[in-house]
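>>> Fold the following, please.
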Amino acid sequence: MAYFNHAFTKRFLGTGETTSDTDEGYLIVADTPTVDLATMGQGYFGLFNANTYLSVNPSIGPPLDGCCPLILASASLYQKDKISPFIGGYQETNKSKYINPKYVRDFYRVDQCTPGQAVISIGNTPGTIASGAATLNALTPGTETYVNNLAGYPGVILTGGTGFGATATVKVAGNTVTVVTIENPGYGYTFGDTLTITANAIPTAGAITILAPGVATTVNVLTLTVTDANNFQGGTNATTCCFDFICGETYYLRVDIKGSPTLRFLNHQSYHTVDAYTGCCTGPTPTLVDSTLVMISWANELVTSDYTKSFILPVVFDETGVAWYAPGTTVDPLSGAPVIPTQWWSAYVSAGHIVGACAGLRLFGAYVETKFGNCSFQVTDFFEKEPVRIYASMVDYNGDPCAFSGICVYTDCRGIQGMGFGEQVLRDLILSESYLQNYFHTDIRIREITQGSDILSAVNRNALYTRYYILHSVPRFNNPSGVFDNDQYLLEVITNGAIATFEADMAAWLDACGNGCSNLKTYDCVQCVIPQNEQ
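Reported below is the predicted structural model:
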């Protein structure tokens, strides 16, 4: 090992249960011999005195002189000690070399990371437009009078301010607005905005002034609760994401899907151009059409095309911000909320274009790799870790995205590759066991005879695992070459999650020896937060 620039890695499985003597598989009592690990079963490990092979508990009291070498040991993965009358010793514990705390160079933890799908937004979705949802508590109706309607005027569009899309139900009594109930909170509003009830919704319109909560205590004052106007990683004002779709035209959207899944499927990256025809004009002058219909047309092609349907799942947002799903969808891909047929875009009925409003389309990466079960598992089986990457742009009929200013496209989440996959853990354990001459056979009969199935069953291939790493060296004080060097060893403990007692014991042991590596380093992932769908 001294002649290689990397460390020899040895792995230990620490996925046992919590008992009176263990914490998530870690042995927390002292003076237990390593041989007792065999009776505990798979997934139990501990720190042991390098001379007596008895367990230690550094966090309670320093072992021996407080700076002595220890070993890391774990239970064997095998359930039987013998596979024949002549071949045995398979339940011998898995032990590390002596670990001198003076020569521990690093101690760190790599947390499990749930993979995240790539998500992009086209046009107006909760991700492409700034936040600032309106919440109306009370209001001042102004000086105008209104036609009474105790049942309320539904779908009243509130105009003005920095935002877009707020609609409300307005109730009028005594020719005065008495209640305003927000139907759609809209986006991008800020404190101090003034919203106006549109004249075509109520016979007489009046101004409503938005005040910050707590500023005004007068009864019947409209208040607005607004979150950070740019908390969606650079979200822009809604108007910049709108595109005017007019009748009598065909609009094209190119979608590129890249990554290992598409390369394995097509031997090249996937790209597809979908189109949407807006229908004939009813008069000599082209008019704006409901942009929701354009989004639905694009989305329909994406879910039926062989080039895209296996890799992405679209969700359409109409001009009022309501989400619509592909026919057959039963669960919202973001929130996990159930979806019913009335929410499928096949049930959408257009009420015409809303002035100043525009729809949007959100594309979710949706790829699942096929894999074999445990019975036919082979080490050489492929498993997918890379999420697909999605790109989109509006193009002209020649496919040129630069010939005009198209609709805006925003990346909600670039996709996150997971960490701690059970598939990888299993293969790493098989490799580590092979160094112990415990081979994992490809023939399933020989595998059963040699207890290879015990290795396979020790890991849940669909789970995520946390890993601890201890990097230490063993100096060669007497080297025949005359050169002083160090062999490096990397000890890896695979667990179901963080184990606080193990971390505390390691810190106490390293601190007792004055080692500067007692501060545990952690490596995790930051999940992408995607704005929720409006329902």
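>>> Leaving out chain neighbours, which residue sits closest to residue 329?
residue 339 (5.0 Å; C-beta to C-beta, 6 or more residues apart in numbering). (Each C-beta comes from the backbone N, C-alpha and C, glycine too.)
>>> quick one, phi/psi of that neighbour?
The phi and psi values for residue 339, taken as degrees, to the nearest 10, are phi -120, psi 130.
>>> any idea how far it lies from residue 27?
Distance, residue 339 to residue 27, by C-beta to C-beta, to the nearest Å: 48 Å.
>>> Near the residue nearest to residue 329, how many other residues are there?
Neighbourhood size, residue 339 [other C-beta atoms under 10 Å]: 20.
>>> So residue 313 is in contact with residue 363, correct?
Yes: counting by C-beta atoms under 8 Å, residue 313 does reach residue 363; the two are 7.4 Å apart.
>>> who's in contact with the residue nearest to residue 329?
Each residue near residue 339 by C-beta atoms under 8 Å, 6 or more residues apart in numbering is listed here: 325, 329-332.
>>> buried subset of those?
Using 16 or more other C-beta atoms under 10 Å as the burial test, the contacts of residue 339 include 325, 329, 332 as buried.
>>> least confident pick among the residues you listed?
Taking those together, the minimum pLDDT is found at residue 332 (88).
>>> my guess is it contacts residue 325, does it?
Yes: taking C-beta under 8 Å as the definition, residue 332 is a contact partner of residue 325 at 7.3 Å.
>>> and for these two, which residues touch both?
Common neighbours of residue 332 and residue 325 (C-beta under 8 Å, 6+ apart) are 315, 339.
>>> quick one: secondary structure of residue 429?
helix (DSSP: H, G, I helix; E, B strand; the rest coil).
>>> just checking, it touches residue 455?
Yes: judged on C-beta under 8 Å, residue 429 makes contact with residue 455 at a distance of 6.2 Å.
>>> Mind listing the shared neighbours of these two?
residue 77.
>>> Distance-wise, check the nearest residue to residue 18 once chain neighbours are set aside relative to residue 44.
With C-beta to C-beta, 6+ apart as the criterion, residue 18 has its nearest non-adjacent residue at 5.6 Å, and that residue is residue 24. The gap separating residue 24 from residue 44 is 10 Å, by C-beta to C-beta.
>>> So these two - more neighbours on which side?
Between residue 24 and residue 44, counted using other C-beta under 10 Å, the more crowded position is residue 44 (27 against 22).
>>> Excluding covalently adjacent residues, which one is nearest to that one?
residue 16 (4.2 Å).
>>> In terms of helix, strand or coil, where does that neighbour fall?
coil.
>>> Check residue 519 too.
coil.
>>> Quick check: the gap between residue 395 and residue 252.
5 Å.
>>> same thing with residue 497?
48 Å.
>>> doesn't residue 355 make contact with residue 159?
No: Residue 159 is not in contact with residue 355 according to C-beta under 8 Å; the separation is 9.1 Å.
>>> of these two, who's got more company?
Ranked by neighbour count (other C-beta under 10 Å), residue 159 and residue 355 place residue 159 first, with 15 against 11.
>>> what about that one, distance to residue 371?
Distance from residue 159 to residue 371, by C-beta to C-beta: 54 Å.
>>> where does residue 425 land on pLDDT?
95.
>>> could you dump the helix or strand it falls within to CSV, C-alpha only?
Using DSSP states H and E, residue 425 sits in helix 422-435. What follows is helix 422-435 as a C-alpha-only set of coordinates in CSV (Å, rounded to 0.1, in the frame of the first residue of the first chain):
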residue,chain,number,x,y,z
GLY,A,422,-28.2,0.8,-1.2
GLU,A,423,-27.2,-0.5,-4.6
GLN,A,424,-23.7,1.1,-4.2
VAL,A,425,-23.4,0.0,-0.6
LEU,A,426,-24.0,-3.6,-1.5
ARG,A,427,-21.4,-3.5,-4.2
ASP,A,428,-18.9,-1.8,-1.9
LEU,A,429,-19.5,-4.5,0.8
ILE,A,430,-19.0,-7.3,-1.8
LEU,A,431,-15.7,-5.7,-2.8
SER,A,432,-14.6,-5.4,0.8
GLU,A,433,-15.5,-9.0,1.6
SER,A,434,-13.6,-10.2,-1.4
TYR,A,435,-10.4,-8.9,0.1
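>>> Okay, now the unreliable bits of the stretch 1-150 of the chain?
Low-confidence segments of the stretch 1-150 of the chain, defined by pLDDT under 70: 1-6, 59-66, 127-146.
>>> Find the residue at the geometric middle of this structure.
residue 116 (3.1 Å; C-alpha atoms, centre = their mean).
>>> Count the neighbours of the residue nearest to that residue when sequence neighbours are not counted for me.
Nearest non-adjacent residue to residue 116, counting by C-beta to C-beta, 6+ apart: residue 416, 3.5 Å away. Counted with other C-beta under 10 Å, residues neighbouring residue 416 total 17.
>>> Surely residue 416 touches residue 387?
Yes: counting by C-beta under 8 Å, residue 387 is a contact partner of residue 416 at 6.9 Å.
>>> Show me whatever sits in contact with both of those two.
With C-beta under 8 Å, 6+ apart as the test, residue 416 and residue 387 both reach 115-116.
>>> for residue 80, helix, strand, or coil?
coil.
>>> ok but residue 488 is inside a strand, no?
Yes: judged by three-state DSSP, residue 488 forms part of a strand.
>>> Tell me which residues touch the closest residue in space to residue 502 that isn't next to it in sequence, please.
Sequence neighbours aside, residue 26 is the residue nearest to residue 502 in space, at 4.5 Å (criterion: C-beta to C-beta, 6+ apart). Residue 26 makes contact with 14, 16, 44-46, 499, 501-502, according to C-beta under 8 Å, 6+ apart.
>>> now residue 26, which residues is it bridged with?
Residue 26 has the following beta-bridge partners by DSSP bridges: residue 23, residue 45.
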